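1. Turn this into a model:
(one chain, ligands or ions: 1)
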Amino acid sequence: MDPVSAEKPTILTGDRTTGPLHLGHYVGSLKSRVRLQETHRQFLLLADAQALTDNAHDTERVRRNVLEVALDYLAVGIDPEKTTICVQSGLPALAELTMLYLNFVTVARLERNPTIKDEIRARGFGRDIPAGFLCYPVSQAADITAFKATVVPVGEDQAPLIEQTNEIVRRINSQIGRNVLVEAEALIARVGRLPGIDGKAKMSKSQGNAILLSAKPEAIREAVHRMYTDPTHLRASDPGTVEGNVVFTYLDAFDENDADVAELKTRYRRGGLGDMAVKRRLEAILQGLLAPIRERRAVYACKPEYVFDVLRKGTKKARAITQSTLIELRSGLGLFRLD
Ligand code: TRP
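-> Okay, here's the model as predicted:
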């Protein structure tokens, strides 16, 4: 390890490879990862093994999206010289750590995890939850601790996972009698979650309310056109409501000219400003933001060999790091080393 990077705090974060990334990911995490790679030793995990915990029926989807998400990373400016991009299933130490950690967690604790509880409800799993899905917080704890990450940028909904990770860390360190593993701190995004274009709380490709980072100009135009506004604002001359109006929420997130946005809100509230005018402004901003991302993505998509090379190198580097944590842990727990 070079002396400079040794001083930088380590970040581990990642994405399940279940679909290409969208504007919600950009606002919530990608933008800050591009910044954090300058100040931190950053690892990005393409979590294909975790994606299988609720997509075992569609392995092709999980496989295909490893490349799609990698393209999204490169397109937004993740620089493989600064950030290590690695593939979870290519890191067998993570699977072994998960097995070991499972002995330090109870099923009751897993079922109490608020993230898991919400997801079980949202997906209607009930008791038929795949065991791998119930245990994914443990696998995520393995991801974080294997890299000895101290900073984990996550959305608010994932914060309980970091808490559970630190519980496992403390249990194992106390069992071993030495601080082999390090606790991590959740870095919660300050910006709120971007709603879907239909006004629903979460942007999601499967809900059909997302704008993909790879969206073509026509798709962007159509999405803005379909955006949920104020259903009672029928004529431009009517007074309108800004709160919960997706077009304004997006202007708050993407328009850098705060004074202009404030003035538009005043005019909209007063009456005399039509939806189309506001939408035209938002569309221009989104077209401007996404055009260079889409173009860079297309360039990398034509060079899959380069992208796989990035993944191969990143995974190789990550394999050495995660393997070394595993060796420390095995020896701490008193397992024989026979090689
Ligand atoms: N759970 C994350 C997601 O749903 C992906 C992920 C896997 C992750 N391992 C992680 C995030 C470790 C942060 C830290 O996209």
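2. so Leu21 touches Leu30, yeah?
-> Yes: Leu21 lies in contact with Leu30 (Cβ atoms under 8 Å); the separation is 6.8 Å. Just so you know, the C-beta spots here come from the backbone N, C-alpha and C atoms, and that holds for glycine as well.
3. Now do the contacts for Gly77.
-> Val34 (Cβ atoms under 8 Å, 6 or more residues apart in numbering).
4. what about Lys279, neighbour count?
-> 19 (other Cβ atoms under 10 Å).
5. Hmm, I typed the wrong one, I wanted Thr232.
-> Neighbour count for Thr232, taken as other Cβ under 10 Å: 9.
6. for the stretch 201-339 of the chain, what spans make up the helices?
-> 217-226, 246-254, 258-270, 275-301, 304-332 (DSSP state H, counting those that start in this stretch).
7. So which of those is the most surrounded?
-> helix 246-254 (a mean of 20; mean count of other Cβ atoms under 10 Å).
8. what distance separates that one from the centre of its chain?
-> 21 Å (Cα atoms, centre = their mean, to the nearest Å).
9. What lies in contact with it?
-> 27, 191, 194-199, 224, 227-229, 242, 261, 264-265, 268, 275, 278-279, 281-282, 285-286, 289.
10. do stretch 122-131 as well
-> Contacts of stretch 122-131 (Cβ under 8 Å, 6+ apart): Thr53, Asp54, Ala56, Glu119, Ile120, Phe133.
11. how about 6 Å then?
-> Ile120 (Cβ atoms under 6 Å, 6 or more residues apart in numbering).
12. Could you work out the end-to-end span of it for me?
-> 17 Å (Cα to Cα, to the nearest Å).
13. does it come close to the ligand?
-> No: interface with the ligand: stretch 122-131 contributes nothing (Cβ under 6 Å from any ligand atom), its closest point being 13.1 Å away.
14. What residues of that stretch count as buried?
-> Ile129 (16 or more other Cβ atoms under 10 Å).
15. distance between that stretch and the chain's centre?
-> 22 Å.
16. what does stretch 84-92 give?
-> 16 Å.
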